[in-house]
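# Following is a predicted model, sequence given first.
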Amino acid sequence: MQAAKRGAWVEFDGVSDTTIGRHVQLVTAMKARRLLGRVLVSQDAGWYRVGERDGGQFRPFGTLFTRFVPALEAAGVTKAEVRRLLVDNPRQVLTT
């Protein structure tokens, strides 16, 4: 939070079926401190892991949208705030 308060981008990576609750907690904590404007979220998806049979177990690409966004909304994050996290913040960081 201190880094975000000083203007750094803070990324919560690795959204997956098993981390939804923790990621919702992280985002809502940033929201409570009015720091959503410095937050990026992402998920790891796909399946290739070196050394694992067939590259490992496939992880779906849509979890961020099908499970994480509804969990955020259930926790009181508005549609406008979700847009900020998934559209506005990435646009800002990638064009600055």
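Done, it's in.

# pLDDT-wise, which helix or strand of this protein ranks last?
Within the chain, no helix or strand scores below helix 63, which has a mean of 91 by mean pLDDT, DSSP states H and E.

# buried residues in the following helix or strand past that helix?
Heading C-terminal from helix 63, the first helix or strand you meet, by DSSP states H and E, is helix 69-74. For helix 69-74, the neighbour count (16 or more other C-beta atoms under 10 Å) marks 69, 72 as buried. No exception for glycine: its C-beta is placed from N, CA and C like everyone else's.

# now what about helix 69-74, what contacts it?
Helix 69-74 has contacts (C-beta atoms under 8 Å, 6 or more residues apart in numbering) with 20-21, 24, 27-28, 79, 81-82, 85-86.

# And the furthest pair within the residues you listed?
21 and 79 (20.7 Å; C-beta to C-beta).

# What is the distance between the helix with the most length in the chain and the centre of its chain?
The single longest helix within the chain, with elements called by DSSP state H, is helix 20-32. Its chain's C-alpha centre and that of helix 20-32 lie 9 Å apart, by C-alpha atoms, centre = their mean, to the nearest Å.

# Next, the angle helix 20-32 makes with whichever helix or strand comes after that helix.
Downstream of helix 20-32, the next assigned helix or strand under DSSP H and E is strand 39-43. Angle of strand 39-43 versus helix 20-32, following axes from the mean of the first three to the mean of the last three C-alpha atoms, to 10 degrees, is 170 degrees.

# what's the very next helix or strand once past strand 39-43 packed up against?
Remark: after strand 39-43, the chain's next helix or strand is helix 63, criterion DSSP H and E. Contact analysis of helix 63 by 3 or more C-beta pairs under 8 Å, 6 or more residues apart in numbering; DSSP states H and E lists no helix or strand as a packing neighbour.

# Good, we can wrap up now.
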